[in-house]
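> Below are the sequence and a predicted model for it; my questions follow.
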Amino acid sequence: MNFLPFARPDIGEEEITAVTETLRSGWLTTGPVTAAFEKEFAERIGGDVHAVAVNSATAGLHLSFEAIGITPGDEVLVPTWTFTSTAEAVRYLGGEPILVDVHPDTLAIDFADAERKITDRTVAVAPVHYAGLPVPNSELAAFAGAHGLKVVEDAAHAFPTLNEGLLVGASQSETTVFSFYATKTMTTGEGGMVFTHDADLAARMRTMRLHGIDRDVFGRYTSTKPAWHYDVVAPGYKYNLTDMAAAIGRVQLRRTDQMVARRREIAARYDEAFADLPLTLPPHAPEGSTHAWHLYCVKLDENAPVNRDRFIELMAENQVGTSVHFIPLHIQPYWRDTYRLTPEQFPVATAEFAKACSLPIFSAMTDDDVDQVIDATRRILG
């Protein structure tokens with residue numbers, strides 16, 4: 001039996017052909033393929049949004065916080081149950097991420113705890129659509145509206161996901177940031193995309209993603225008229241997506257429905273196979289919303305024959321890779337020590353972390369791969 005990795009990208013001949021065509025096109029960095037990717041993705045999201053392609057979701061979060069005006073001392077509410085990029089992007093600007101506990105069922109931001117942590121310096125909230133399950137638009141908008149907060153949605157896990165009838169990315173939040181990292185529901189290897197309804201925010205992010213230059217390089221280099229002059233209007237960054245990556249993204253975008261359907265099939269098989277085991281299975285989306293199934297995170301019950309750490313060891317011995325999403329930020333040395341955080345300040349996340357384990361779920365999994373995960377899990381916990 002071969003080892004089954006936790007994740008594997010779903011790349012086929014169409015993606016390989018698209019990259020090859022780009023390599024032969026004479027233009028490799030941000031250019032016409034990236035522009036087409038942005039246009040097609042915005043059409044898929046709908047709702048007259050602006051799309052800004054970037055080289056990672058972290059870059060997209062940084063650009064978002066910069067564009068909405070985060071300055072030193074500003075506080076941004078961030079769930080402790082997230083990858084470090086959500087919070088670190090606030091720190092890049094001298095802002096203060098204020099960590100918030102999570103709901104025990106969804107592991108998404110707990111708005112009651114968030115409300116307790118609001119001060120007169122709180123200016124924004126950055127919810128995470130954990131695992132691909134959306135934070136309900138209505139709750140998010142009500143919370144942000146009640147406190148006058150701007151919203152940057154971390155949607156790294158959440159494409160495609162319906163949120164109360166709208167695709168994540170189409171809401172009225174200031175920005176929404178998707179990830180195309182290699183393990184995500186669609187990939188460009190590394191990459192991301194930011195969506196906003198605000199034309200000024202989009203223009204600022206386009207400028208700042210490429211050194212603060214006021215026009216794109218492709219337009220300058222391919223113009224048939226003299227177009228060498230440009231102005232640097234801000235100290236920007238180097239966050240642009242290459243055309244080679246965008247070529248993969250355009251194909252993956254067309255295949256999204258097929259890929260997410262496969263993830264749903266796998267989740268359904270796990271639900272059925274694990275129903276009688278000492279596990280808490282991941283929640284499903286409520287009516288009107290959907291789940292992208294980027295992750296299938298189970299939690300081991302107290303009566304399980306082994307604890308989470310031993311379960312992970314035994315799964316590896318049974319040739320199945322697993323992971324943990326996430327190690328809460330309040331446990332990580334930088335965040336813990338910088339902000340003097342304790343487990344007691346985040347009782348839900350601390351308790352859930354000890355139980356959580358992510359099982360393999362990716363669209364390239366074969367039925368035999370799924371059987372391998374089910375058999376190993378039942379052998380250990382059954």
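Great, that's in hand. Numbers count the residues shown, from 1 in each chain.
> CA atoms for contacts and neighbours, from now on please.
Will do.
> the helices in the stretch 151-300 of the chain, which residues?
For the stretch 151-300 of the chain, the helices defined by DSSP state H, counting those that start in this stretch cover 199-208, 217-222, 243-254, 256-273.
> most packed of those helices?
With neighbours defined as mean count of other Cα atoms under 10 Å, those peak in mean count at helix 243-254, which reaches a mean of 24.
> so what's Val19 up against?
By Cα atoms under 8 Å, 6 or more residues apart in numbering, the contact set of Val19 is Met244, Ala245, Ala247, Ile248.
> wait, doesn't the second one sit right on Thr188?
I take that to be Ala245. Yes: at 5.0 Å, Ala245 counts as touching Thr188 under the criterion of Cα atoms under 8 Å.
> mind listing what the residue most central in space within the chain touches?
Most central in the chain under Cα atoms, centre = their mean is Ala156, positioned 1.0 Å from the mean C-alpha point. When contacts are counted by Cα under 8 Å, 6+ apart, Ala156 touches Ala57, Val128, His129, Val177, Phe178, Ser179, Phe180, Lys184.
> State the distance from the closest residue to the fifth one other than its chain neighbours to Pro127.
On the basis of Cα to Cα, 6 or more residues apart in numbering, the spatially nearest residue to Phe178 that is not a chain neighbour turns out to be Ala156, at 4.4 Å. According to Cα to Cα, to the nearest Å, Ala156 and Pro127 sit 11 Å apart.
> got it, and Thr196?
As defined by Cα to Cα, Thr196 lies at a distance of 16 Å from Pro127.
> where are the low-confidence patches of this protein?
Scanning the chain with the threshold set as pLDDT under 70 gives 217-222.
> Can you show me the strands along it?
Along the chain, counting by DSSP state E, strands occupy 50-54, 75-79, 96-100, 122-125, 150-154, 162-163, 166-167, 175-179, 192-196, 279-280, 296-300, 356-359.
> can I get those strands in CSV with mean neighbour count and distance to Arg264?
Listed next are the strands of the chain as CSV, based on neighbours: other Cα atoms under 10 Å; distance: least, Cα to Cα, whole Å:
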stretch, mean neighbour count, distance to Arg264
strand 50-54, 28, 27
strand 75-79, 27, 26
strand 96-100, 25, 30
strand 122-125, 23, 30
strand 150-154, 25, 22
strand 162-163, 24, 14
strand 166-167, 18, 17
strand 175-179, 30, 20
strand 192-196, 29, 23
strand 279-280, 17, 18
strand 296-300, 21, 10
strand 356-359, 22, 14
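> among the ones you listed, which is nearest Ala268?
Ala268 sits nearest to strand 296-300 of all these, at 10.5 Å, using Cα to Cα.
> just checking, what packs against that closest one?
Counting contacts by 3 or more Cα pairs under 8 Å, 6 or more residues apart in numbering; DSSP states H and E, strand 296-300 is packed against strand 279-280, strand 356-359.
> Looking at those, spot the one closest to Pro9.
Nearest to Pro9 among the helices and strands packed on strand 296-300 is strand 356-359 (15.4 Å), distances taken as Cα to Cα.
> closest one to Pro347 among the helices and strands packed on strand 296-300?
Nearest to Pro347 among the helices and strands packed on strand 296-300 is strand 356-359 (14.6 Å), distances taken as Cα to Cα.
> Pull the residues that contact that closest one.
Residues contacting strand 356-359 (Cα under 8 Å, 6+ apart): 6, 295-300, 308, 312, 321-325, 373.
> ok, 10 Å please
Applying Cα atoms under 10 Å, 6 or more residues apart in numbering, the contact partners of strand 356-359 are 5-7, 131, 270, 279-280, 282, 295-301, 307-309, 311-312, 315, 320-327, 373-374, 377.
> Need the buried ones from the residues you listed selected in PyMOL.
PyMOL command restricting these to the buried ones, with burial defined by 16 or more other Cα atoms under 10 Å:
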select buried, resi 5+7+131+270+279+280+282+295+296+297+298+299+300+301+307+308+311+312+315+320+321+322+323+324+325+326+327+373+374+377
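> what about stretch 334-343, distance to the chain center?
24 Å (Cα atoms, centre = their mean, to the nearest Å).
> Dump that stretch to PDB, restricted to CA.
Extracted in PDB, the C-alpha atoms of stretch 334-343 (Å, rounded to 0.1, in the frame of the first residue of the first chain):
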ATOM      1  CA  TYR A 334       5.200  35.000  18.700                       C
ATOM      2  CA  TRP A 335       1.600  35.800  19.400                       C
ATOM      3  CA  ARG A 336       1.500  34.300  22.900                       C
ATOM      4  CA  ASP A 337       4.600  36.100  24.000                       C
ATOM      5  CA  THR A 338       4.000  39.400  22.200                       C
ATOM      6  CA  TYR A 339       0.500  39.800  23.500                       C
ATOM      7  CA  ARG A 340       0.900  37.800  26.800                       C
ATOM      8  CA  LEU A 341      -1.900  35.500  25.800                       C
ATOM      9  CA  THR A 342      -3.000  32.500  27.900                       C
ATOM     10  CA  PRO A 343      -5.100  29.400  27.000                       C
END
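> List the buried residues of that stretch.
Using 16+ other Cα under 10 Å as the test for burial, stretch 334-343 gives Trp335, Leu341.
> same thing with stretch 87-103?
Residues 87-91, 93, 95-103 are the ones in stretch 87-103 that count as buried (16+ other Cα under 10 Å).
> how long is that stretch end to end?
Start to finish, the residues bounding stretch 87-103 are 19 Å apart (Cα to Cα).
> go on, stretch 8-19?
Taking Cα to Cα, the first and last residues of stretch 8-19 lie 19 Å apart.
> what about that stretch, distance to the chain center?
The answer for stretch 8-19 is 21 Å, by Cα atoms, centre = their mean.
> Surely Gln172 is in contact with Asn137?
Yes: applying Cα atoms under 10 Å, one finds Gln172 in contact with Asn137, separated by 9.1 Å.
> Show me which of the contacts of Ala156 is closest to Ala227.
When the contacts of Ala156 are compared for distance to Ala227 (Cα to Cα), Ala57 wins out at 31.2 Å.
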